[in-house]
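Asks: structure of the sequence below:
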Amino acid sequence: MSRFSANLGFLWPELSLVEGIHKAKAAGFEAVECHWPYDDTTSADVKAALDATELPMLGVNTRRGNVDAGEAGLTAVPGKETEAKRAIDEAVQYGSEIGSAAVHVMSGVAAGEEAHQVLVKNLIYAAEQCAKHSMTVLIEPINTQDIPGYFLNHVEQAADVIKTVNKPNVKIMFDCYHVQIMQGNLLTRLKAHLPLVGHIQIAAVPDRGEPGEGELDYAQICRAIDAMGYRGFIGAEYKPRSTTDEGLSWLDLFK
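Replies: From the prediction side, this is the model:
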């Protein structure tokens with residue numbers, strides 16, 4: 001049976017993170033995850049909400065950098081090594097204080113062999129820092145329609161990076177929405193790389209709305225994921241078409 005996590009970067013955006021955690025519990029989610037909580041919510045407040053709801057926090061993201069300048073992560077960007085380490089340290093510290101299971105280390109907009117080498121070096125550092133707190137490092141292939149020029153955009157590329165990094169706590173964030181747009185053949189690709197997958201996320205394709213609609217049959221996909229032996233959570237990282245509450249009917253259907 002699939003277990004679902006509410007991604008509070010997208011769900012209930014009108015609420016604070018603390019309010020969103022309580023809302024996710026009431027809606028029937030069994031875990032939560034978020035994006036960049038650092039400026040808006042103290043780790044103590046998040047930890048209190050997690051303790052009160054008994055929901056695990058699955059992950060936080062490293063900062064994107066200067067979003068206005070087009071930055072979407074720093075970890076693979078040559079010349080940004082100092083900022084990238086600072087972002088990793090911040091995410092690891094905050095994550096450890098709230099009991100987060102993982103840190104999603106965002107690669108950023110970059111290209112070429114130098115970017116690959118910078119990413120590997122920074123991921124080794126992130127893995128070592130996360131290991132001190134029994135946390136996983138997640139890297140996510142992201143489609144280049146949503147973020148043009150994003151360095152990491154194929155599952156096989158992520159697997160190759162992980163092989164080079166050679167740290168047991170570095171895993172793939174397998175977002176079905178991104179993979180379908182860039183590559184397709186979801187279930188075959190997921191099965192082939194399942195030992196390297198640390199987390200799975202879902203959203204409708206092509207509009208990134210609720211997973212009950214769109215070109216992917218997520219009810220069948222979730223059953224197939226369960227049959228593969230995946231026992232982690234499936235993250236609901238979609239953008240509600242209306243209010244979050246109005247779009248939650250899929251949750252009962254998929255369980």
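Asks: which positions in the helix or strand hosting A159 come out as buried?
Replies: Here A159, judged by DSSP states H and E, is contained in helix 155-165. Neighbour-count burial for helix 155-165, counted by 16 or more other Cβ atoms under 10 Å, picks out V155, A158, A159, V161, I162, V165. All C-beta spots, glycine's among them, are computed from the backbone N, C-alpha and C.
Asks: I'd like the next helix or strand past it.
Replies: Scanning onward from helix 155-165 (DSSP H and E), the first element met is strand 170-175.
Asks: show residues contacting that next one.
Replies: 102, 104, 123, 126-127, 136-142, 155, 158-159, 162, 190, 193, 196-203, 237 (Cβ atoms under 8 Å, 6 or more residues apart in numbering).
Asks: how far does the helix holding A159 sit from the chain's center?
Replies: Averaging C-alpha positions (Cα atoms, centre = their mean, to the nearest Å) puts helix 155-165 17 Å from its chain's average.
Asks: from the contact counts, what lies against it?
Replies: Counting contacts by 3 or more Cβ pairs under 8 Å, 6 or more residues apart in numbering; DSSP states H and E, helix 155-165 packs against helix 113-131, strand 136-139, strand 170-175, helix 186-193.
Asks: what's next to it, contact-wise?
Replies: By Cβ under 8 Å, 6+ apart, helix 155-165 touches 116, 119-120, 123-124, 127, 139-141, 152, 170-172, 174, 179, 183, 189, 193, 196.
Asks: just the buried ones from these?
Replies: Buried among those by 16+ other Cβ under 10 Å: 116, 119-120, 123-124, 127, 139-141, 152, 170-172, 174, 179, 189, 193, 196.
Asks: now the helix or strand of the chain with the lowest mean pLDDT: buried residues?
Replies: Using mean pLDDT, DSSP states H and E, helix 249-254 stands out as the lowest-scoring helix or strand of the chain, at a mean of 88. For helix 249-254, the buried set under the neighbour-count rule, 16+ other Cβ under 10 Å, comprises W250, L251, F254.
Asks: give the other helices and strands that that helix contacts.
Replies: helix 218-228.
Asks: given the very next helix or strand once past the helix it packs on, what are its sheet partners and their directions?
Replies: Next helix or strand after helix 218-228 toward the C-terminus (DSSP H and E): strand 234-236. If you go by DSSP bridges, strand 234-236 pairs up with strand 4-7 (parallel), strand 197-202 (parallel).
Asks: buried ones in strand 234-236?
Replies: So, applying 16+ other Cβ under 10 Å, buried residues of strand 234-236: I234, G235, A236.
Asks: could I get the residues you listed as a markdown table with pLDDT and distance to E71?
Replies: Converted to a markdown table, those look like this (pLDDT from 0 to 100; distance: Cβ to Cβ, whole Å):
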| residue | pLDDT | distance to E71 |
| --- | --- | --- |
| I234 | 98 | 29 |
| G235 | 98 | 23 |
| A236 | 98 | 26 |
